[in-house]
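> Model the structure of this input:
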Amino acid sequence: MDTNITFSSKVKTSHLTRNAYLYIRQSTLRQVYENSESTKRQYALKGKVKAMGWPDSNIITIDTDLGQSGAESQDRVGFQKLVSEVGMGQAGIVVGIEVSRLSRSSTDWIRLMEICAITDTLIMDEDGLYNVNDFNDRLLLGLKGTMSEAELHYLQARMRGGLLNKAKRGELKKPLPIGYIYNDYKQIVKDSDMGVQEAINIFFQTFNRIGSASGAVHEFNSKGLKFPLRIHKGFNKGELKWVQLVHSRALQTLHNLMYAGIYIYGKTQIKHTAKKKKSVVMPKGEWHAYLRNSHPAYITEEDFEKNQKILQQNAHPRNEDGRSSPPREGPALLQGIIVCGKCGEKMTLRYNRNKDKLIPIYQCQKHAIEFGGKLCQSIHGENIDKAISKLLIEIINPLAIDAVINVQNEMLDRKEEIEKFYSQQVERARYNMELARRRYMNVDPDNRLVADELESEWNLKLKELELANEECEKKCQMEIKKIDDKLMDEIKQVTFDFPKLWNDPNTSDREKKRMVRCIIEDVTITGRCKCVTLGIRFKGGTIKVIDVAKPLMRWQKIQTSQDVLEEINNQMLLHTTAEIAEILNNKGYLSGTGQKFSQQVVASVITSYKIESRQDRLRKLGLLTMKEKMEELGISQKKLKHLRENNQIKSYCYSRKRDYLYEPEKYIGAITFN
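From the prediction side, this is the model:
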């Protein structure tokens, strides 16, 4: 066949007036470096294009995709540019040494052919020249595209098969965790640095002793121990660094089967989904390789399984997708929806038991778990839950429900109006786009001045349609349920019965939490000196800020009242502690613990609150001690005691040990207690 005759019959003046695009691609940079002849052959096609009539200035070489795979067009900037130039009618011919260079994806190849057909663009490879609008040429190009994609599949299958065979023998090299390296024979051995081995052994021993990953992290960091880290990529590849152990790295180490001497491959596999490829964790039975005793181990397989059970028991339910955890058992109303006001992290929950009552404690402990540091916040939750209960009962009332129903119905009417309005906008934009498209398709391609203007207008209308669709979807996202008469009556009835329902002992904690979540989105708490600030965000988006008093400490709860302190102070000069206790009991006073007063309790209150003692008060009035009285009278202790017991001298008891003070002789009968 005479190639020149074939070329001349397909190449027209309209093609020669446009550019010729020479597309050059190699799949990998290694091919670019090693298979230089293939690259030279592709560049040599430029001479063939020149011989067909294109001037050198109109031949554009696109070689920005050297080193890029043709399986997809997403990361191929050069191919995207080629398609856009063809779509805008700038190309008269597209040249590649073979179809596989342009694309190894049938989807991308067929799309390129369709655009070439619309813009009357020729395609040429090393075998010949093709007019996509010709049925035979189109059929041949389609077959070549299919064979190109199949060729890639076969190549990948062969490579994948060889890779899996090596993996099943445990010979496939892969990144190793810290503590392992490859020796000169490509075998997995322990790191030659004994410090690395020792650090890993200490870590596993610490975990076995403490029984938790966070505890092991805290132990490491509190003792100033460092954990090894070997850099796998970049300028410092292979360099060993010593860093602070964090919780995430501790978990990675504990979950890694390599430390048990087991070689695995295929734990995570790529699966094709609607959202393109996705890495999926596979069941153990579907792993490609699971080889025991393939290399030296730091722990036994039994120890590994034991560690996994411990971690599973210690694990707290997590929210990987960012949603709140589901309502669980326990009285804490804000479980799963409470946020730390200091660092913004989700707060966790624990309970303290006070007799038969569980008291919630809200804690922000992410930083403490990750780095073994202190808790960000730990707040007593009893008063917080009481404040939330009170708030719900206040806001859920018949008047509020009537307002909600009216607003709901009004929003429903507005939603219908909004949907109608934006739907009309979309229809108008679609009509304008179709009109611009028809104008562009009907223009003579050779009339570039008009064609370019109509193409720009079409692109503009396409963008306007896209924006209109996005705006319509955004405005119509609200899902508002219509409130009919039956539903309205049910809502009102629940409103009237809500306080009774909320306080009913038969209402479970889980149901109460569900009620809270129907109204409240989340609560941000910030502990202050004497109170806790709650930032409550409701489902509708409104925010309410309230302050809640912190619960009294135990020492505050057992404080003696001010009335009792004043009564004790008033009676101190006139009575002993035993007499004061009797007076307080007769007047109906109770101690801070709620019990009746005794001599010991009164004495403890006097000491704790630093009330001036009876002895000091009597001494200020001039009374004498036993020694001073004996010196004054010149008598013995026995004689003084005899005189006191027979009421021959005036004395005053001031302690539980029956110690006394005595009036001086010159003041007998002169001392008064006013």
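> my guess is Gln90 contacts Thr17, does it?
No - under the contact definition of C-beta atoms under 8 Å, Gln90 does not touch Thr17, with a separation of 10.6 Å. To be clear about C-beta, it is placed using only N, CA and C from the backbone, and glycine gets the same treatment.
> So if I had to pick from those two, which one is more boxed in?
When neighbours are counted by other C-beta atoms under 10 Å, Gln90 and Thr17 differ, and Gln90 comes out ahead with 16 against 13.
> Skipping adjacent residues, who's closest to that one in space?
Of all residues not flanking Gln90 in the chain, Asn19 sits nearest, at 5.7 Å (C-beta to C-beta, 6 or more residues apart in numbering).
> Can you pull the domain assignment for the chain?
In the assignment given by automatic domain parsing, the structural domains of the chain cover 3-165, 180-314, 557-667.
> Tabulate those (TSV), appending mean pLDDT and distance to Arg514.
Putting those into TSV (pLDDT from 0 to 100; distance: least, C-beta to C-beta, whole Å) gives the following:
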stretch	mean pLDDT	distance to Arg514
domain 3-165	84	44
domain 180-314	86	27
domain 557-667	83	33
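> ranking those by burial, who's on top?
Mean neighbour counts were compared across the domains of the chain using mean count of other C-beta atoms under 10 Å; the top stretch is domain 3-165, at a mean of 17.
> re the thing from before, export the domains of the chain as JSON lines, with columns for distance to Asn469.
Rendered in JSON lines, the data for the domains of the chain read as follows (distance: least, C-beta to C-beta, whole Å):
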{"stretch": "domain 3-165", "distance to Asn469": "21"}
{"stretch": "domain 180-314", "distance to Asn469": "20"}
{"stretch": "domain 557-667", "distance to Asn469": "63"}
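> Looking at those, spot the one closest to Glu329.
The closest approach between Glu329 and any of the domains of the chain, judged by C-beta to C-beta, belongs to domain 180-314 at 17.6 Å.
> From start to finish, how long is the closest one in a straight line?
With C-alpha to C-alpha, to the nearest Å applied, domain 180-314 spans 28 Å between its terminal residues.
> Relative to whatever helix or strand Trp242 lives in, what are the paired strands and their orientations?
Assigning secondary structure by DSSP states H and E places Trp242 in strand 240-243. Strand 240-243 has the following sheet partners, assigned by DSSP bridges: strand 227-230 (antiparallel).
> Isn't Ile115 up against Leu82?
No - Ile115 sits out of contact with Leu82 when judged by C-beta under 8 Å, with a separation of 9.9 Å.
> Return the set of buried residues in stretch 446-463.
Judged by neighbour count (16 or more other C-beta atoms under 10 Å), stretch 446-463 contains these buried residues: Ala451, Leu454, Glu455, Glu457, Trp458, Lys461.
> so how far is it from its chain's centroid?
Its chain's C-alpha centre lies 47 Å from the corresponding centre of stretch 446-463 when counted by C-alpha atoms, centre = their mean, to the nearest Å.
> do the same with stretch 381-390
A distance of 26 Å separates the C-alpha centroid of stretch 381-390 from that of its chain, computed with C-alpha atoms, centre = their mean.
> can you give me phi and psi for the residue nearest to Gln90?
phi -80, psi 160 (degrees, to the nearest 10).
> what sits against it?
Remark: with contacts taken as C-beta atoms under 8 Å, 6 or more residues apart in numbering, Asn19 is in contact with Trp54, Asn58, Ile59, Ile60, Glu85, Gln90, Ala91, Gly92.
> which residues does it bridge with?
For Asn19, the residues forming beta bridges with it (DSSP bridges) are Ala91.
> From Thr61, how far off is it?
Applying C-beta to C-beta, to the nearest Å, the value for Asn19 to Thr61 is 11 Å.
> same thing with Gly78?
Taking C-beta to C-beta as the measure, Gly78 and Thr61 are separated by 10 Å.
> Pro664 too?
Taking C-beta to C-beta as the measure, Pro664 and Thr61 are separated by 124 Å.
> which residues of the stretch 1-150 of the chain fall in helices?
Listed in chain order, the helices of the stretch 1-150 of the chain (DSSP state H, counting those that start in this stretch) span residues 3-10, 13-16, 29-34, 36-51, 77-87, 99-102, 106-119, 135-168.
> Quick one: residues in contact with the third one.
Contacts to helix 29-34, defined as C-beta under 8 Å, 6+ apart, come from residues Gln26, Ser38, Thr39, Leu66, Gly67.
> Now the two most distant members of these.
Comparing the members of the contacts of helix 29-34, the greatest separation, given C-beta to C-beta, is between Ser38 and Gly67, at 12.9 Å.
> thought Arg439 was touching Leu454?
Yes - with the criterion set as C-beta under 8 Å, Arg439 and Leu454 qualify as a contacting pair; they are 5.2 Å apart.
> list the contacts for the residue nearest to Asp65 when sequence neighbours are not counted?
Spatially, and ignoring its direct neighbours in sequence, Asp65 is nearest to Gly78 (3.9 Å; C-beta to C-beta, 6+ apart). Remark: with contacts taken as C-beta under 8 Å, 6+ apart, Gly78 is in contact with Tyr23, Arg25, Ile62, Asp63, Thr64, Asp65, Gln68.
> Could you dump these into TSV with distance to Thr300 added?
Supplementary listing: those in TSV, determined by distance: C-beta to C-beta, whole Å:
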residue	distance to Thr300
Tyr23	58
Arg25	52
Ile62	58
Asp63	56
Thr64	54
Asp65	51
Gln68	47
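> Nearest to Tyr654, out of these: which one, please.
Scanning the contacts of Gly78 for proximity to Tyr654, where the rule is C-beta to C-beta, the winner is Gln68, at 99.8 Å.
> got a list of what the closest one touches?
Gln68 makes contact with Arg25, Ser27, Asp75, Arg76, Gly78 under the criterion C-beta under 8 Å, 6+ apart.
> Which one of those residues is nearest to Lys610?
Using C-beta to C-beta, Asp75 is the member of these that sits closest to Lys610, with 79.4 Å.
> Could you find the closest non-adjacent residue to the closest one?
Take Asp75 and drop its neighbours on the chain: the residue closest to it by C-beta to C-beta, 6+ apart is Gln68, 6.3 Å away.
> Name the SS class of Arg514, please.
Under DSSP: H, G, I helix; E, B strand; the rest coil, the three-state class of Arg514 is helix.
> The chain should start at 20 in everything you say after this.
New numbering, starting at 20: the last item is Arg533.
> how far away is it from Ile403?
Counting by C-beta to C-beta, the gap from Arg533 to Ile403 is 18 Å.
> Pick out whichever of the two has more residues nearby.
The neighbour count for Arg533 versus Ile403, taken as other C-beta under 10 Å, is higher for Ile403 (24 against 12).
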